[in-house]
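# Sequence below, structure please.
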Amino acid sequence: MATYQVRGSSHNIIYLYRTDDGKSKQHWETYETELEAIQRKAYIELLQKEKRYDDIRLAVLDYKRRRAIEKTQRELAQANAGLPNVPMPSTKEDNTHQTFKHFMERFLPFYARKKRFSPNTYDSYVSNLNNHIYPYFGNWVMSTITAEDIDLFLDYLSQKPCSGSKGYKKKPSEVPRLSSPTIKKVFNVLMVGFPTAKQWRYVTEIPDVAPPSEKYRKRNYWQPEQIHDFLKLIEDDPMLHLAVHIGFVCSLRAGEVAGIDTSLIDLKDKSLWIKRILQRVSDESLATLPREEIIHVFPNRFQCLCRRFMEYQTAFLLCPVCVLILCPAVCFIDGFCFLVGGNVLHQHRHVCKTFLHAL
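I've put the predicted structure just below:
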């Protein structure tokens with residue numbers, strides 16, 4: 001039987017289905033109206049009554065596919081919302097013969113400044129373009145890219161071996177393929193510019209492509225005993241011990257720990273505010289993006305001599321989360337209270353990303 005349940009303004013149907021390996025799993029579906037939910041409930045119960053378990057599983061997969069398409073459409077709409085009214089090209093100007101790379105080199109800096117990308121986010125977009133998209137679509141005339149071409153590209157990515165450390169000193173058969181989250185990110189970078197490309201007359205229509213599914217892997221993490229043993233190994237270095245301790249207990253990145261401002265430590269209230277971060281970013285991103293959120297840029301100290309020469313600069317990025325926070329999270333370390341932006345410790349990152357894209 002399927003269960004009908006109302007939560008707030010949403011109408012939900014809950015039922016069990018069998019996975020490919022025969023395991024029974026609970027599935028939730030959400031609809032905007034009661035009529036849609038009741039019709040779906042009747043349909044699922046009919047399949048259950050007739051013991052059409054394969055059809056139930058297909059119905060679940062179809063629902064997940066439709067929800068994934070709707071989610072991607074919302075993300076693309078939000079990403080392109082608020083784009084300024086850029087002067088349209090002249091009616092005599094025809095960009096339909098221009099390549100995808102030509103468009104992205106024009107579009108990405110403009111889009112990054114408008115959406116207030118952090119240097120790290122900008123570098124991530126550029127990396128996905130250079131490593132995955134440009135080798136495949138870079139020289140394609142953008143107006144000729146179809147939904148079928150993009151589906152073939154996603155299939156190509158699903159078979160593409162990982163590069164870098166994951167493939168170091170491994171046989172070709174042992175090198176893992178790109179993960180589904182990586183493929184989803186590449187897909188989002190590929191599709192984000194198409195609405196603007198239509199406005200700028202690079203394409204006449206936007207390819208209607210279903211986004212790739214994304215499977216999340218549970219990350220490995222240290223147990224409390226392992227953390228305790230590690231802290232014992234570095235007891236001789238008080239500063240390192242404190243930094244690692246803060247990083248674990250407050251769930252901070254290394255750059256967040258390194259960016260702690262001692263003037264924000266209040267021994268009277270036993271509190272500490274995290275307001276800035278230390279990052280290593282490319283010169284290209286610093287030259288492209290506004291720098292009003294950067295406190296200080298240190299001299300270059302890194303050069304990559306093996307491959308393409310690149311220079312990196314380390315930057316303090318200011319995150320004025322104090323103004324944005326209504327209910328700061330609190331954690332205690334030996335009686336010392338640490339205040340971290342957001343309602344839970346991990347949300348500090350998302351708050352800063354949302355407003356400053358600085359982490």
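# host element of the closest residue to Tyr156 other than its chain neighbours?
Nearest residue to Tyr156, sequence neighbours excluded (C-beta to C-beta, 6 or more residues apart in numbering): Tyr136, at 6.8 Å. C-beta coordinates here come from the backbone N, C-alpha and C atoms, glycine included. Take DSSP states H and E as the rule and Tyr136 turns out to sit in helix 134-137.
# Burial check on the closest residue to Lys160 other than its chain neighbours, number of neighbours?
Across the structure, with C-beta to C-beta, 6+ apart as the measure, the residue nearest Lys160 apart from its sequence neighbours is Leu178 (5.2 Å). By the criterion of other C-beta atoms under 10 Å, Leu178 has 19 neighbours.
# which stretches of the stretch 201-350 of the chain have low pLDDT?
Residue ranges of the stretch 201-350 of the chain with pLDDT under 70: 300-350.
# if we can go back for a sec, tell me the contacts of the residue nearest to Lys160?
Contacts for Leu178 (C-beta atoms under 8 Å, 6 or more residues apart in numbering) come out as 157-158, 160-162.
# how about CSV for those residues, with neighbour count added?
CSV is the format used below for the contacts of Leu178 (neighbours: other C-beta atoms under 10 Å):
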residue, neighbour count
Leu157, 20
Ser158, 13
Lys160, 17
Pro161, 14
Cys162, 14
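# so the nearest residue to Tyr122 once chain neighbours are set aside is in which element?
Leaving out its chain neighbours, the residue that sits closest to Tyr122 by C-beta to C-beta, 6+ apart is Ser285, at 4.3 Å. If you go by DSSP H and E, Ser285 is part of helix 283-288.
# which SS class is the closest residue to Ala37 other than its chain neighbours?
The spatial neighbour of Ala37 that comes closest, neighbours along the chain excluded (C-beta to C-beta, 6+ apart), is His11 at 3.7 Å. Reducing the assignment to helix, strand or coil with DSSP: H, G, I helix; E, B strand; the rest coil, the entry for His11 is strand.
# Next: the one 4 residues further on.
Secondary structure of Tyr15, reduced to three states by three-state DSSP: strand.
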